[in-house]
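**Student:** just to be clear, the model below is a prediction. Sequence and coordinates:
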Amino acid sequence: MVVVVVAGLAFFGKIPGLNAASRQEKQLTNALDAIALTSPDFAVAVLDKANDRDFSYRGSERFDTASAVKVSVLACVLLHAQDEKRELTAQETARAKRMIQASDNDATTALFTEVGEVDGLTACNKRLGLKETTVDKAWGLTSTTADDQARLLGNLVDSGSELTVDHRQLIFDLMETVNDDQNWGVPSVAKQGEHAPVKNGWDTRSDDHNLWVVNSLGRIVSEDRETNVSIVVLSHGDKSLKDGIALVEKVAAATRENLKY
């Protein structure tokens, strides 16, 4: 708040920049409320590093991760390698590439087992700042929140992370080179010339009428870093993968349109 003193009188007003940010967040909340009226459950969290602000909508609501958990698994593999003061083995590297770029489940299961399954990944998540994620022995059923996955992405761009710069860059390099048929979600709102690393998750739940879980974790980064935003959109309840992708991309587009990043 700005306090201006004139002739002994104090006048109180808000800082213009904060006013603008507050208006944008209110507009985004209204837009998301409108989407929610006709959509299944979803949540979104945004970390805008360039402007040092964050936003979340239903950020503490729980969702299954599906394959989005693979970012955490890779981060854990890298933490273990660092702890052991070694590089990734050729086999680990090959599995990491298949896990992120092709969303290969067998590679994920092998790496999940290597890091210690539930207990191992839970310990790694704690080191990476996650607070609201419950790892399941069936790794795709791990439950999380948009806020917690945003914490993960935030850690991966934070110089204070336990992960080295090279290891954090490796994660984003793999996320930026996912197979073409998996390059949806957050990248749909990227502008020409921007980098848009992403890891998506999608699955059906037999105990929920085979409705879809569709998630997208990603970043939008310009070459000059004037735009440096991490975005998480989680959803469940759509009748098809196509509908789930459309919802995730609609929510991501609303964040860009209203937060003006």
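**Tutor:** Happy to help now that I have it. Numbers count the residues shown, from 1 in each chain.
**Student:** please enumerate the helices of the protein.
**Tutor:** 16-36, 70-83, 90-101, 105-114, 117-127, 146-156, 165-175, 241-259 (DSSP state H).
**Student:** okay, the ones you listed in JSON lines with mean neighbour count and mean pLDDT next?
**Tutor:** Every residue, glycine included, has its C-beta placed from N, CA and C. Formatted as JSON lines, the helices of the chain follow (neighbours: other Cβ atoms under 10 Å; pLDDT from 0 to 100):
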{"stretch": "helix 16-36", "mean neighbour count": "14", "mean pLDDT": "90"}
{"stretch": "helix 70-83", "mean neighbour count": "22", "mean pLDDT": "99"}
{"stretch": "helix 90-101", "mean neighbour count": "18", "mean pLDDT": "99"}
{"stretch": "helix 105-114", "mean neighbour count": "18", "mean pLDDT": "99"}
{"stretch": "helix 117-127", "mean neighbour count": "17", "mean pLDDT": "99"}
{"stretch": "helix 146-156", "mean neighbour count": "23", "mean pLDDT": "98"}
{"stretch": "helix 165-175", "mean neighbour count": "17", "mean pLDDT": "98"}
{"stretch": "helix 241-259", "mean neighbour count": "20", "mean pLDDT": "99"}
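**Student:** these: which one's closest to Gly185?
**Tutor:** helix 241-259 (5.1 Å; Cβ to Cβ).
**Student:** now what about that closest one, what contacts it?
**Tutor:** Residues outside helix 241-259 that contact it (Cβ atoms under 8 Å, 6 or more residues apart in numbering): 24-25, 27-28, 31-32, 35, 39-40, 42, 44, 46, 48, 55, 184-186, 188-189, 202, 212-216, 220, 231, 233, 235, 238, 261.
**Student:** out of the helices of the chain, nearest to Ser60?
**Tutor:** Taking these one by one with Cβ to Cβ, helix 146-156 is closest: 6.0 Å.
**Student:** tell me the angle of the closest one relative to helix 117-127?
**Tutor:** 70 degrees (axes from the mean of the first three to the mean of the last three Cα atoms, to 10 degrees).
**Student:** and the contacts of helix 146-156?
**Tutor:** Contacts of helix 146-156 (Cβ under 8 Å, 6+ apart): 43-47, 49, 54, 56-61, 63, 65, 68, 71-72, 75, 125, 128-133, 161, 163, 168, 171-172, 217, 219, 230, 232-234.
**Student:** same thing with stretch 107-120?
**Tutor:** 67, 70, 73-74, 76-77, 80, 92, 94-96, 98-99, 121, 123-124, 135-137, 139.
**Student:** swap in stretch 93-104?
**Tutor:** Against stretch 93-104 from outside (Cβ under 8 Å, 6+ apart): 67, 70-71, 73-74, 77, 88, 107-108, 110-111, 170-171, 174-175, 177-179, 182, 199-200.
**Student:** what about 10 Å?
**Tutor:** 66-68, 70-71, 73-74, 77-78, 87-89, 105-112, 114, 170-179, 181-182, 197-202 (Cβ atoms under 10 Å, 6 or more residues apart in numbering).
**Student:** from the contacts of helix 241-259, which land in strands?
**Tutor:** 42, 44, 46, 48, 55, 202, 212-216, 220, 231, 233, 235, 238 (DSSP state E).
**Student:** quick check: PyMOL command selecting the buried ones in these.
**Tutor:** Of the ones in strands among the contacts of helix 241-259, the buried ones can be selected in PyMOL as follows, counting by 16 or more other Cβ atoms under 10 Å:
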select buried, resi 42+44+46+48+55+202+212+213+214+215+216+220+231+233+235+238
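**Student:** need the max-distance pair from the ones in strands among the contacts of helix 241-259.
**Tutor:** Asp48 and Trp212 (28.6 Å).
**Student:** circling back to that earlier point, can I get the buried part of the contacts of helix 146-156 as one PyMOL selection?
**Tutor:** In PyMOL, a selection of the buried entries from the contacts of helix 146-156 looks like this (16+ other Cβ under 10 Å):
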select buried, resi 43+44+45+46+47+49+54+56+57+58+59+61+63+65+68+71+72+75+125+128+130+132+133+161+163+168+171+172+217+219+230+232+233+234
